[in-house]
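1. No letters, just coordinates:
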């Protein structure tokens with residue numbers, strides 16, 4: 001899992017926000033030029049994208065919660 005922030009407020013803000021939201025248990029990067037968001041069709045936060053080992057991409061715009069994220073991973077696994 002990798003968190004990708006818009007980076008509009010810089011690297012330090014990304015790290016601070018991850019700590020504040022208690023999501024600092026995995027790496028986060030700042031997408032300063034928006035290229036990562038563009039690659040995966042993300043246009044705002046929150047958004048979740050699952051990339052399979054085979055390169056398949058399944059995404060969701062909006063809040064998911066734990067159950068929703070589990071469903072997203074399952075959809076990615078099934079290729080739906």
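-> Everything's here; your move. Predicted model only: the values in this text are computed from it and were never measured. Residues are numbered from 1 along each chain as shown.

2. what about residue 14, which helix or strand?
-> In the assignment (DSSP states H and E), residue 14 maps to helix 11-20.

3. and after that helix, which helix or strand comes next?
-> Taking DSSP H and E, what comes next after helix 11-20 is strand 28-30.

4. Now do the helix or strand just after that next one: distance to the chain's middle.
-> Next along the chain after strand 28-30, taking DSSP H and E as the criterion, comes helix 35-39. Its chain's C-alpha centre and that of helix 35-39 lie 11 Å apart, by CA atoms, centre = their mean, to the nearest Å.

5. Buried residues in stretch 32-50, which are they?
-> Residues of stretch 32-50 classed as buried: 36, 37, 42, 47, 48, 49, 50 (neighbour count, 16 or more other CB atoms under 10 Å). Yep, even glycine has a C-beta here, placed from its N, CA and C like the rest.

6. helix, strand or coil for the fifth one?
-> In three-state terms, and counting by DSSP: H, G, I helix; E, B strand; the rest coil, residue 48 is strand.

7. any idea how this structure splits into domains?
-> The record's domain parsing of the chain by automatic domain parsing lists 1-33, 40-80.

8. Switch the ones you listed over to TSV; also include mean pLDDT.
-> Output for those, formatted as TSV (pLDDT from 0 to 100):
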stretch	mean pLDDT
domain 1-33	91
domain 40-80	93
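
9. now for the helix holding residue 14, which elements pack on it?
-> Helices and strands touching helix 11-20, as assessed by 3 or more CB pairs under 8 Å, 6 or more residues apart in numbering; DSSP states H and E, comprise strand 3-5, strand 28-30.

10. for the ones you listed, which one ends up most surrounded?
-> strand 3-5 (a mean of 19; mean count of other CB atoms under 10 Å).

11. got the contact list for that one?
-> For strand 3-5, the surrounding residues in contact (CB atoms under 8 Å, 6 or more residues apart in numbering) are 13-14, 17-18, 23, 26-31, 36-37, 42, 45.
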